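Participant: Here's a sequence, model it:
(chains A and B)
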Amino acid sequence: MSVAAETPVSDKAVLRVDNLESYYGPIQAIRGVSLEVREGQIVTVLGANGAGKTTLLKTISGVMNPEKGTVVLEGDEIQGHEADTIVNRRMVHVPEGREIFPLLTVAENIAMGAYTRRDRNFIQEDIELVYSYFPILKQRATQAAGTLSGGQQQMLAIGRGLMARPRIMLLDEPSLGLSPLLTEEIFAIIKRLNEEQNVTMMLVEQNAAVALEVANYGYVMELGRIVMADTAETLANSKDVQEFYLGISDEESQRGQRRWKQRKTWR
Amino acid sequence: MDVIQLIVSGLANGCVYGLIALGFVLIYKATEAVNFAQGDFMMLGAFVCLGFTNADYLGLSFWLAVPLSIIIMGAFGYLFNWGVLRHMFGQSQVSIVILTIAVGFILRFAAGTIWSHEPVSLETPFAGEYLNFGGLVMGIDEIAIIIVTVVLTIGLYFFFSGTKLGVAMQAASQNQLAAYYMGIPVKRVQSLVWGLSGAIAAVAGILFASKGAIEPASGLLGIKAFAAAAIGGFGSLPGALVGGLIVGLIEPLAARFAPDSLSGIARIAPYAILLAVLVVRPGGLFSQTQKKKV
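Facilitator: Model (predicted):
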């Protein structure tokens, strides 16, 4: 695995996953994934439907237990721990599909993000911080979260995740079901959070174009395995990624055959 | 005047139904399971209190027996979830329904064996006393039921809207997975909800037994309370109380005003109301619909 050419902050890996295997019953969803997320980086995991991206995040954040392998967060093995102890270690998972609490108000939703925290004085500060990044949430603070639009719900989900004061945030498909304009907006905020609040991000996306734009490093997953790993820039320029995930192709006629050949070499 | 008298005693009955219905709704909201033993929890709470305070048994002070039995029933609810239901996680709703129905049978039998199969009344310091408001006679027990229900309702309202644990209980009931992602210990929160509804069942049982008599079969009152909860829209706490009051009021009024040829109508009236409500508003009176945005 090549080291990122222009690693922005440090070489320290916040999160390291080694040879992780996860099953849904008899079906193996993750087939020995190893990856690394360095401090201050945005690392993206690309892949099509069913590649195992979401399962990977769930296994890392403790919602699912791995069959084999280790998840090392800042030097400590955390695989198989309960989700609440992992949130306490300031790794937070913003799940796919805007899983908010629909009947609670926006403010209550945000407050729930700080459930594991005990430092009341700073919680208020962080609520203001969330509102400064997402001003619309402040306007809607007393409204039931279920009445927000899709984009606002996604903002709420990210804002609620921020309330755990995460050092690392696992974002699952923040662009899901959003218009291109809203996707741009959300990703701009993700980038700002990364730079201004020094939140390391692990970003799972199907929308490879936007993800590679903000990311420093990227992994490509297929059928439960990592098939490519490189800097975001290199990935964005790679022929395979361009063809399979960015939809850029100059050999339209041979596409089907080429794909088959390429996938074969990846295994 | 006698109509007002009927309404007052109907309200008192309705409060008890409402409290049992509250237990149904709490558990349903938090765990999506229906506890068909809720009425039997109520009955058990009454017997526990009676076992502490009645002269035939331990003969403790009533004011000591009440908190003790509330705590015991709270612990019973918590442990029931922790020790039994949590191991049923992932099983179908039907098996949980059958389990709670079976537990109801067990509790009724156990209460009969330990205490009595016959109706017993709870010895309260205010038994038989009443106030007379210019011809309107109200038993202290009825007044106590109404006051306790109002206070408990207000308390629960502030608990659920104002405390972190209360909001977390709501959060866990609305979206378990998201609550889990936020680090809310969902399993413990669910056990606490069971504990809370056990404690509420104890309060309902004590109030019920102080007004009349309690016997193991009183646990079947849960079915009427279930109707009350459904009238209120099964997911709503105020709905449960309103549903309870409707059921409580309709019974004596139907009995009073029905023609002689329909003398049994009081007994079916709650279910007739339930049917009517479900036809007009299938979600119940206070249904909270939540649709997921895509």
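Participant: how far out from the middle of the chain is the helix or strand hosting B:Ala30?
Facilitator: Secondary structure from DSSP states H and E places B:Ala30 in helix B:2-31. Going by C-alpha atoms, centre = their mean, to the nearest Å, the spacing between the C-alpha centre of helix B:2-31 and its chain's C-alpha centre is 7 Å.
Participant: Give the other helices and strands that it contacts.
Facilitator: Contact analysis of helix B:2-31 by 3 or more C-beta pairs under 8 Å, 6 or more residues apart in numbering or on different chains; DSSP states H and E lists helix B:38-53, strand B:136-139, helix B:140-162, helix B:164-174, helix B:186-211, helix B:221-232, helix B:237-257 as its packing neighbours. For the C-beta atoms, the positions are set from N, CA and C on the backbone; glycine is no exception.
Participant: Between helix B:140-162 and it, find me the angle.
Facilitator: Between the direction of helix B:2-31 and that of helix B:140-162, the angle (axes from the mean of the first three to the mean of the last three C-alpha atoms, to 10 degrees) works out to 30 degrees.
Participant: For chain B, what's the nearest residue on chain A?
Facilitator: Sorted by distance to chain B under C-beta to the nearest C-beta, the residues of chain A start with A:Val87, at 3.1 Å.
Participant: how many other residues sit next to that residue?
Facilitator: Residue neighbour count, defined by other C-beta atoms under 10 Å in any protein chain shown, stands at 26 for A:Val87.
Participant: Over to A:Leu181?
Facilitator: 9.
Participant: before we move on, what about B:Ile71?
Facilitator: Residues within reach of B:Ile71, counting by other C-beta under 10 Å, total 15.
Participant: same deal with the one 10 residues further on?
Facilitator: B:Asn81 sits with 26 neighbouring residues when counted by other C-beta under 10 Å.
Participant: tell me the pLDDT at it?
Facilitator: We have a pLDDT of 93 for B:Asn81.
Participant: That one and chain A, how far apart?
Facilitator: Counting by C-beta to the nearest C-beta, to the nearest Å, the separation of B:Asn81 from chain A is 18 Å.
Participant: what packs against the helix or strand hosting that residue?
Facilitator: Assessed by DSSP H and E, B:Asn81 sits inside helix B:62-83. In terms of contacts (3+ C-beta pairs under 8 Å, 6+ apart), helix B:62-83 is packed against helix B:38-53, helix B:186-211.
Participant: how about those helices, which one is nearest A:Ala232?
Facilitator: Closest to A:Ala232 of the helices and strands packed on helix B:62-83, according to C-beta to C-beta: helix B:186-211, at 36.0 Å.
Participant: Output the contacting helices and strands for the closest one.
Facilitator: When contacts are defined as 3+ C-beta pairs under 8 Å, 6+ apart, helix B:186-211 packs onto helix B:2-31, helix B:38-53, helix B:62-83, helix B:140-162, helix B:164-174, helix B:176-181.
Participant: Would you mind finding the most buried of the ones you listed?
Facilitator: helix B:38-53 (a mean of 28; mean count of other C-beta atoms under 10 Å in any protein chain shown).
Participant: Tell me how far that one lies from the chain's centre.
Facilitator: Between the centre of helix B:38-53 and the centre of its host chain there is 12 Å, according to C-alpha atoms, centre = their mean.
Participant: separation between B:Asp260 and A:Asn194?
Facilitator: Between B:Asp260 and A:Asn194 the computed distance is 79 Å (C-beta to C-beta, to the nearest Å).
Participant: B:Leu64 too?
Facilitator: B:Leu64 sits 60 Å away from A:Asn194, going by C-beta to C-beta.
Participant: can you count the residues close to the closest residue to A:Ile100 other than its chain neighbours?
Facilitator: Using C-beta to C-beta, 6 or more residues apart in numbering or on different chains and skipping residues adjacent in sequence, the residue nearest A:Ile100 is A:Ala145, 4.7 Å away. Residues near A:Ala145, counting by other C-beta under 10 Å, number 26.
Participant: A:Ala145 touches A:Ala107, doesn't it?
Facilitator: No: applying C-beta atoms under 8 Å, one finds A:Ala145 not in contact with A:Ala107, separated by 9.4 Å.
Participant: and B:Asp260 and A:Asn194? which has more neighbours close in?
Facilitator: Ranked by neighbour count (other C-beta under 10 Å), B:Asp260 and A:Asn194 place A:Asn194 first, with 22 against 5.
Participant: which residues touch that one?
Facilitator: The contact partners of A:Asn194, by C-beta atoms under 8 Å, 6 or more residues apart in numbering or on different chains, come to A:Gly40, A:Gln41, A:Ile42, A:Thr200, A:Met201, A:Val214.
Participant: how about a cut-off of 10 Å?
Facilitator: Residues in contact with A:Asn194 (C-beta atoms under 10 Å, 6 or more residues apart in numbering or on different chains) are A:Pro8, A:Val9, A:Gly40, A:Gln41, A:Ile42, A:Met169, A:Thr200, A:Met201, A:Leu203, A:Val214, A:Ala215, A:Asn216.
Participant: okay, the residues you listed in JSON lines with pLDDT next?
Facilitator: Below are the contacts of A:Asn194 laid out as JSON lines (pLDDT from 0 to 100):
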{"residue": "A:Pro8", "pLDDT": "46"}
{"residue": "A:Val9", "pLDDT": "48"}
{"residue": "A:Gly40", "pLDDT": "91"}
{"residue": "A:Gln41", "pLDDT": "92"}
{"residue": "A:Ile42", "pLDDT": "94"}
{"residue": "A:Met169", "pLDDT": "94"}
{"residue": "A:Thr200", "pLDDT": "94"}
{"residue": "A:Met201", "pLDDT": "94"}
{"residue": "A:Leu203", "pLDDT": "93"}
{"residue": "A:Val214", "pLDDT": "92"}
{"residue": "A:Ala215", "pLDDT": "93"}
{"residue": "A:Asn216", "pLDDT": "93"}
